[in-house]
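> predicted structure and sequence below. I'll ask about it afterward.
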Number of protein chains: 2
Amino acid sequence: MAGATMRAEMGQQPAVLRELIARGAPRLGPHSGVVIVARGSSDHAAIYGRYLLELATGRPVALAAPSLFTRYGARTEASGWLVVGVSQSGATPEIVEVVERLRATGGRAVAITNDPDSPLAAASEVVLALGAGEERAVPATKTLTAQFAAFAVLAATLGPVPFTPDDLARVPDAVAAVLAQPADAWPEADELLVAARGFLFAAALESALKVREAALLNADGYSTADLLHGPIAAIHAGAPALLLDWPGPTARDVAQVRDALRERGADVRVHAAAPDLPEALAPIPAVVFGQQLAYTLALARGLDPDAPRGLSKVTKT
Amino acid sequence: MAGATMRAEMGQQPAVLRELIARGAPRLGPHSGVVIVARGSSDHAAIYGRYLLELATGRPVALAAPSLFTRYGARTEASGWLVVGVSQSGATPEIVEVVERLRATGGRAVAITNDPDSPLAAASEVVLALGAGEERAVPATKTLTAQFAAFAVLAATLGPVPFTPDDLARVPDAVAAVLAQPADAWPEADELLVAARGFLFAAALESALKVREAALLNADGYSTADLLHGPIAAIHAGAPALLLDWPGPTARDVAQVRDALRERGADVRVHAAAPDLPEALAPIPAVVFGQQLAYTLALARGLDPDAPRGLSKVTKT
C-alpha cells in the first residue's frame, strides 16, 4: 500500500522518543562555545538545537560550514568547545571529517546518530544514540524527531532550559496526539510556503522539506522575520501558506505575517503547535504535523510517499 | 523608464567598491570567536563573511539567532568575541539590540552599515561604512555587494585570507565586466533554482532572492551539497536551474549536481563566476550576475524592477 512504510515509521515515533528521553545524556562540563556539524535534514535538527544549546550554555553556538574544512583546508581551532556531530547513519564522510578535525584541536565531541557503531560515534567521546531502528521510507521521519529530542536531552544536561523534565516526558504523548489527527490540506497545491519564528523556525524548514520530498511540491520554509524582507514579494493570490504558531513571545510575529499574507490574497492556515507544551518543545510535534501534511499531500497527488521520484536513500544523513 | 533606478544603482557598484576597498579597515586583535548579527539580504553577506572570517581568525564563526535575544531573553556571553553587526540602514532595532547585548557582556563590536551615524554604528566600537549613497530601488544591489566587500576587507585585517590586496583591488573591474554583459535568461520561467557550493553559496542565495524580489519568480537558493539530500526530488523536466561555478575545489560538486539536474531533464545553465579572481572573491561579481539576471527577467515579464509589487523599502536591512 502506498505510504505504508512511512506511515508505520511515523507511528513508531512516540515509542522511540519515550526511550530516548528516558535514557538521557551524561553531564558535560562548561565550554567556551558550541559548534554543531550537520547536513540536509539533520541541519534542521541542528537549527533547533542551536537555540536550546545557546540558552543552556550561555555561549554562542555556531553551525559548521563543512566545505571550509573539506574543500578549503580550514584549520579552525575548537579547543575548549563542545562539538556536536549530527548524522542519522553516522557515516556521512564530510560530517565525520569535520568532527575529527575539530576534536583534534581540542574540541569535545558528542555524536547524535542512529548507529552507535558508526564512524561518527567512533570519532566522538559521547554518543547520544537515537534508537530509532531502521528507516526505510525515503522521507526521514522518526530519525528526525529523535534528533530534535536528542538536542533537548543534551541541552538539559548542559544548563538551564525553558522546560522541565516532566515537560520533556510529555512530548511522546503530544506526538501521538498529532498522529491521531490527519492533516487536511491543499490537495490542489503545487507549491507551499511554511513559516514560523524562533523555536518553531526549524520545524517550518523541516516541514517544507518533507512536503517537497514526499509530495514533490515546490515547498519553502522561512523565518517570519526574513519573509517580510523580500521573499513575500513573490506571493500571489491563492498561494498556500502554512504558519506554525505558539501562544507566546513570537505570536505577534506570526500574526503580522498572517495578515501580510492575507492582504496578498494567500490561502493561509495557522497551525497551533502543541500549546500545552513549552514553546521550546513544540517543534517536535510540529515536525510530526509537517509529516502528516506531507503524507496526505503525497497521497492526494497520487504519489507513493515511501518512494518519491528519483531520491536515493543513500545520500541521506 | 522601468528599472532605471535599479540599473543606475547597479552601475555605481564599481565606484562604490573601489572606494570601500581603498579605505580598508583598522587592525583588530585576536578573538576567542566571532558572531555575526544580520537579517534578510544582509544575512547573505553574513554567510559569505562567515567563511572568510573563520579562515582569517581560525575560530568558529556563529551567525546570531536574533529571536534568542529579542523574544526569549537569552543572556549569551560574548566576552573576548568579535561581534559583527550588518545592517544597510543601521536602524533595524533587532540587529542593534543584539549587538548591544553582546557588547555589554564583553564582545567587541564592528558595524557594517551604509549610515555611519546610525544606531548600529553608535552601538559599535569600529564602523565599516559602505559609502554606497542612498539606495532607492526596492531590490538592494550596491549596498549588498558593498557588504560582501566589507567582509573581505575586514577578514584581511584579521588574519590570513585566500586572496591578496591586489586581488581585492581587481574586484571592481570584475564587477564592471559583469555589468557590461547582459544576462540572457529564461524569459518564460516562473520559477528558478540557483545552487553553488562553498564561497559561492551565499551568492546563490542572494541571486535567488534578487530574482524573487525583482521578477517575482518562485526562486530558491541552495547549497549543491544540500540539494542532493532531498530538495532535488521536486525538480521536474524543464525546470530552470542556474549553477554558479568556479574552477577549483568545489567544481566537482557543481558538476555532480549539474549532471543530476540534467538527468531529471532540468534546463541547467552553468555560470562561470569570475575565474580570473580567487574563488574567495568570486561571490561579489557573481552577486552582480544575479542582479543582471533579476533585472532582465523582470523586464521580460513586463515588471518594473524598481518597484515590484507590494514590497516596502522600510523593512530593508
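Received, thanks.

> counting neighbours, what do you get for the residue in the stretch 1-150 of chain A that chain B sits nearest to?
Nearest to chain B in the stretch 1-150 of chain A, going by C-beta to the nearest C-beta, is residue A:40, at a distance of 3.2 Å. (Each C-beta comes from the backbone N, C-alpha and C, glycine too.) When neighbours are counted by other C-beta atoms under 10 Å in any protein chain shown, residue A:40 registers 24.

> from what I can see it touches residue B:229, true?
Yes: at 3.2 Å, residue A:40 counts as touching residue B:229 under the criterion of C-beta atoms under 8 Å.

> where does the residue of the stretch 1-150 of chain A closest to chain B fall, phi/psi-wise?
Torsion angles at residue A:40 (phi, psi; degrees, to the nearest 10) stand at phi 70, psi -140.

> so residue A:213 versus residue A:31, what's the distance?
34 Å (C-beta to C-beta, to the nearest Å).

> next, count neighbours for residue A:259.
Per other C-beta under 10 Å, the neighbour tally for residue A:259 reads 11.

> quick check: which element contains it?
For residue A:259, the enclosing helix or strand under DSSP states H and E is helix A:251-263.

> helix, strand, or coil at the closest residue to residue A:80 other than its chain neighbours?
Leaving aside its sequence neighbours, residue A:80 sits nearest to residue A:32 (C-beta to C-beta, 6 or more residues apart in numbering or on different chains; 4.1 Å). Three-state call for residue A:32 (DSSP: H, G, I helix; E, B strand; the rest coil): coil.

> test my guess that residue A:32 contacts residue B:60.
No: the criterion here is C-beta under 8 Å, and residue A:32 misses it with residue B:60 at 9.8 Å.

> and those two? which has more neighbours close in?
residue B:60 (32 against 21).

> number of residues surrounding the closest residue to chain B within the stretch 201-317 of chain A?
Nearest residue of the stretch 201-317 of chain A to chain B: residue A:229, at 3.2 Å (C-beta to the nearest C-beta). For residue A:229, the neighbour count with other C-beta under 10 Å is 24.

> then it would be within a helix, right?
No: using three-state DSSP, the assignment for residue A:229 is coil, not a helix.

> spatially nearest residue to it, not counting backbone neighbours?
Residue A:229's closest residue in space is residue B:40 (C-beta to C-beta, 6+ apart), at 3.2 Å.

> correct me if wrong: that neighbour contacts residue A:223.
No: judged on C-beta under 8 Å, residue B:40 makes no contact with residue A:223 at a distance of 9.6 Å.

> all helices of the stretch 151-300 of chain A, in order?
A:165-169, A:171-179, A:201-215, A:224-227, A:251-263, A:283-300 (DSSP state H, counting those that start in this stretch).

> hang on, the earlier thing: with neighbour numbers in mind, choose between residue A:213 and residue A:31.
For residue A:213 versus residue A:31, neighbours defined as other C-beta under 10 Å are more numerous around residue A:213 (27 against 19).

> before we move on, the earlier item: what residues does the residue nearest to residue A:80 make contact with?
A:59, A:79-81, B:32-33 (C-beta atoms under 8 Å, 6 or more residues apart in numbering or on different chains).

> and for residue A:99?
Residue A:99 makes contacts with A:37, A:83, A:85, A:109, A:111, A:120, A:123-124, as judged by C-beta under 8 Å, 6+ apart.

> and the stretch 51-200 of chain A, which residues reach chain B?
Residues of the stretch 51-200 of chain A found near chain B (C-beta under 8 Å from any C-beta of the partner chain) are A:51, A:54-55, A:58-68, A:71-72, A:74-78, A:81, A:94, A:138, A:162, A:191, A:197-199.

> and those, which are buried?
A:51, A:54-55, A:58-68, A:71-72, A:74, A:76-78, A:81, A:94, A:138, A:162, A:191, A:197-199 (16 or more other C-beta atoms under 10 Å in any protein chain shown).

> counting only helices, which of the residues you listed make the cut?
Using DSSP state H, the members of those that fall in helices are A:51, A:54-55, A:66-68, A:94.

> elements contacting the worst-scoring helix or strand of chain A on mean pLDDT?
Of all helical and strand segments in chain A, the minimum by mean pLDDT, DSSP states H and E falls on helix A:224-227, at a mean of 89. Under the contact definition 3 or more C-beta pairs under 8 Å, 6 or more residues apart in numbering or on different chains; DSSP states H and E, helix A:224-227 sits against strand A:191-196, helix A:251-263.

> how about 10 Å then?
strand A:191-196, helix A:201-215, strand A:240-245, helix A:251-263, helix B:41-57, helix B:66-70 (3 or more C-beta pairs under 10 Å, 6 or more residues apart in numbering or on different chains; DSSP states H and E).

> closest one to residue B:168 among the ones you listed?
With C-beta to C-beta as the criterion, residue B:168 lies closest to helix B:41-57 of the helices and strands packed on helix A:224-227, at 11.2 Å.

> put the alpha carbons of that closest one into PDB.
Provided in PDB are the C-alpha atoms of helix B:41-57 (Å, rounded to 0.1, in the frame of the first residue of the first chain):
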ATOM      1  CA  SER B  41      19.700  40.200   2.400                       C
ATOM      2  CA  SER B  42      22.400  41.200   4.900                       C
ATOM      3  CA  ASP B  43      22.200  37.600   6.100                       C
ATOM      4  CA  HIS B  44      23.600  36.500   2.700                       C
ATOM      5  CA  ALA B  45      26.600  38.900   3.200                       C
ATOM      6  CA  ALA B  46      26.900  37.300   6.600                       C
ATOM      7  CA  ILE B  47      27.000  33.800   5.200                       C
ATOM      8  CA  TYR B  48      29.800  34.900   2.800                       C
ATOM      9  CA  GLY B  49      31.600  36.600   5.700                       C
ATOM     10  CA  ARG B  50      31.500  33.600   8.000                       C
ATOM     11  CA  TYR B  51      33.700  31.600   5.500                       C
ATOM     12  CA  LEU B  52      36.200  34.400   5.300                       C
ATOM     13  CA  LEU B  53      36.200  35.300   9.000                       C
ATOM     14  CA  GLU B  54      36.600  31.700  10.100                       C
ATOM     15  CA  LEU B  55      39.600  31.200   7.700                       C
ATOM     16  CA  ALA B  56      41.100  34.500   8.900                       C
ATOM     17  CA  THR B  57      40.600  34.100  12.600                       C
END
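
> that one relative to helix B:201-215, how many degrees between them?
Interaxial angle of helix B:41-57 relative to helix B:201-215 (axes from the mean of the first three to the mean of the last three C-alpha atoms, to 10 degrees): 170 degrees.

> deepest of the helices of the stretch 151-300 of chain A, which one?
The highest average neighbour count among the helices of the stretch 151-300 of chain A, using mean count of other C-beta atoms under 10 Å in any protein chain shown, belongs to helix A:201-215 at a mean of 29.

> pLDDT of that helix, averaged?
For helix A:201-215, mean pLDDT is 95.

> check stretch A:113-131 too.
The model assigns stretch A:113-131 a mean pLDDT of 98.

> and what of stretch A:278-290?
On average, stretch A:278-290 scores 98.

> that one near chain B at all?
Yes: using C-beta under 10 Å from any C-beta of the partner chain, stretch A:278-290 reaches chain B at A:279-280.

> stretch A:260-277 now?
Yes: using C-beta under 10 Å from any C-beta, stretch A:260-277 reaches chain B at A:260, A:263-264.

> roughly how far is that stretch from the heart of the chain?
20 Å (C-alpha atoms, centre = their mean, to the nearest Å).

> same question for stretch A:14-33.
16 Å.

> so which bits of that stretch are buried?
By neighbour count, with 16+ other C-beta under 10 Å as the criterion, the buried positions of stretch A:14-33 are A:14-18, A:20-21, A:25, A:28, A:31-33.
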